[in-house]
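**Q** what would the 3D arrangement of this be:
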Amino acid sequence: MEYMIRNWNNFCWLCGDHILDTHVHNIDVINWFLGKHPEKAIGYGGRARRVTGDQYDFFSIDFDYGTGISSHSMCRQIDSCANGTGEIIMGTEGYTNCVNTIYDLKGKVKWQFEYPKDENGNATNAVKIPSYVQEHMHLVQLYALETM
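**A** Reported below is the predicted structural model:
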């Protein structure tokens, strides 16, 4: 039991697998963007390289939001693989990285968030704050406003 608790992130009964432990934040971004939750979902996952615990190594899920809107969401936790976290939303006129930029279909910047500047004229948040930290900052601010 002590081994499992000390290695909680490898056991589903303690963390719900990495789709619930970490990947749910990426799914939330799409839900927030669309302003709704999916109506249906179908997916799969598997375990190929983990040597401890009972979690899967990867998941791939297609979410159907109705009216022709869908999202394909993938995640994996496998050592020695390329890593990345993020979302891309594609539309009929362009796409966004869901962080700070909207592009047209040819990759030209159509809009970009201007971070506040410090006293030296440098952007205060650009690249310095990972998107998941920014997400938590917004969550805390929102909670603070709602509880006042």
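**Q** shouldn't residue 45 be in contact with residue 73?
**A** No: look at residue 45 against residue 73 with C-beta atoms under 8 Å: they stay out of range, at 11.5 Å. (Each C-beta comes from the backbone N, C-alpha and C, glycine too.)
**Q** what residues are shared contacts of the two?
**A** The contact sets of residue 45 and residue 73 overlap at 59-60 (C-beta atoms under 8 Å, 6 or more residues apart in numbering).
**Q** when those two are compared, which one has more neighbours?
**A** Using other C-beta atoms under 10 Å as the criterion, residue 45 and residue 73 rank with residue 73 on top: 20 against 17.
**Q** surely the more buried one and residue 64 touch.
**A** No: at 11.8 Å, residue 73 does not count as touching residue 64 under the criterion of C-beta under 8 Å.
**Q** residue 75: how many residues sit nearby?
**A** Residue 75: 20 neighbours (other C-beta under 10 Å).
**Q** nearest residue to it other than its sequence neighbours?
**A** Among residues not flanking residue 75 along the chain, residue 23 sits closest, at 3.9 Å (C-beta to C-beta, 6 or more residues apart in numbering).
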